[in-house]
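K.L.:
Need the 3D shape of this:
(one chain, ligands or ions: 1)
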Amino acid sequence: MTLRDLYEQNPWIPEFERARREKLIQLSKERTIYSIDELDGTWKNLVRTARVAQSRAYPPFSDYFVGAAVLGSDEELYWGCNREHALFTLTVHAEGAAISHMVSGKDVESLVEKMIQENEMEFTNLEPRDLPKVRRLAVVVPKKKDPSIPVLPCGLCRADISELMESPDIRILSTFPKGDLAMMVSLDELYPHRFDSTFLETFSKEEN
Ligand SMILES: [Zn+2]
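P.N.:
You can find the predicted model right below:
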């Protein structure tokens, strides 16, 4: 018996999964489903980039290869793949990896080169930078037997994207497991009641 068998014996899970699956199928029926070929050039490039990133994934436990690509507000493409760990909680998701790539930027090598030229070993500019924001994001998932259900970013990734989104209505493109079809959703649809920095506002003791 596998762990999956045990999981499926849990009396409420099959029903819950069926209901969720039905909802997703319904959602995909209500939405425009795009063939990858009919997307604009920028989306196509994002999907290609995400597919290359997917091929670099490291999922030795789930075998679930995921690639993501972000178009930043600086018009640059950034990418990331999932990476699993034997301590499962350390797993890195592709969307978050692509956003980390956007945050660290593509100019690291040139900055190191500049330090070498200036014979420096210390980089003291730790002032906040004007970071690019996520403008578009594409995710590709493995092909599966049941291609009718779109795969959308998980809850952690929805929150992760929202921290550095350009606006709540940025488009997220999720591919179907079939591989050649995609569905667009806005981040606002996926994560309408997001946690953001306004929840961190506190009052001083005097005000309380
Ligand atoms: Zn995720």
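K.L.:
and Glu75, what does it touch?
P.N.:
Shown in contact with Glu75 (Cβ atoms under 8 Å, 6 or more residues apart in numbering): no residues. (Each C-beta comes from the backbone N, C-alpha and C, glycine too.)
K.L.:
Doesn't it belong to a strand?
P.N.:
No - the assignment for Glu75 (DSSP: H, G, I helix; E, B strand; the rest coil) gives coil, which keeps it out of a strand.
K.L.:
start the count at 47, not 1, going forward
P.N.:
Sounds good: first residue 47 from here, last item Glu121.
K.L.:
Of all the helix elements in the chain, which one is longest?
P.N.:
Ordering each helix of the chain by length in residues (DSSP state H) puts helix 59-76 first.
K.L.:
List the pairing partners of the helix or strand following it within its sheet, with orientation.
P.N.:
Once the chain leaves helix 59-76, the next helix or strand it forms, by DSSP states H and E, is strand 79-81. Taking DSSP bridges as the criterion, strand 79-81 pairs within the sheet with strand 227-232 (antiparallel).
K.L.:
Could I get the contacting residues of the most centrally placed residue in the chain?
P.N.:
For the chain, Glu141 is the residue whose C-alpha lies nearest the centre (Cα atoms, centre = their mean; 2.3 Å). Listed by Cβ under 8 Å, 6+ apart, the contact set of Glu141 reads Ala114, Gly126, Leu183, Val185, Pro199, Cys203, Asp206, Ile207.
K.L.:
The first one falls within a strand, correct?
P.N.:
Yes - using three-state DSSP, the secondary structure at Ala114 is a strand.
K.L.:
What's opposite it in the beta bridge?
P.N.:
On DSSP bridges, the residues paired with Ala114 through beta bridges are Gly126, Val185.
K.L.:
Quick check: it touching Leu183?
P.N.:
Yes - under the criterion of Cβ atoms under 8 Å, Ala114 lies in contact with Leu183, with a separation of 6.5 Å.
K.L.:
And for the least confident helix or strand in the chain by mean pLDDT, what's in contact with it?
P.N.:
Taking mean pLDDT, DSSP states H and E as the measure, the helix or strand of the chain with the lowest value is helix 49-55, at a mean of 74. Outside helix 49-55, the residues within contact range by Cβ under 8 Å, 6+ apart are Ile59, Pro60.
K.L.:
picking up where we left off before, between Ala114 and Leu183, what contacts are shared?
P.N.:
Common neighbours of Ala114 and Leu183 are listed as Glu141, Ala144 (criterion: Cβ under 8 Å, 6+ apart).
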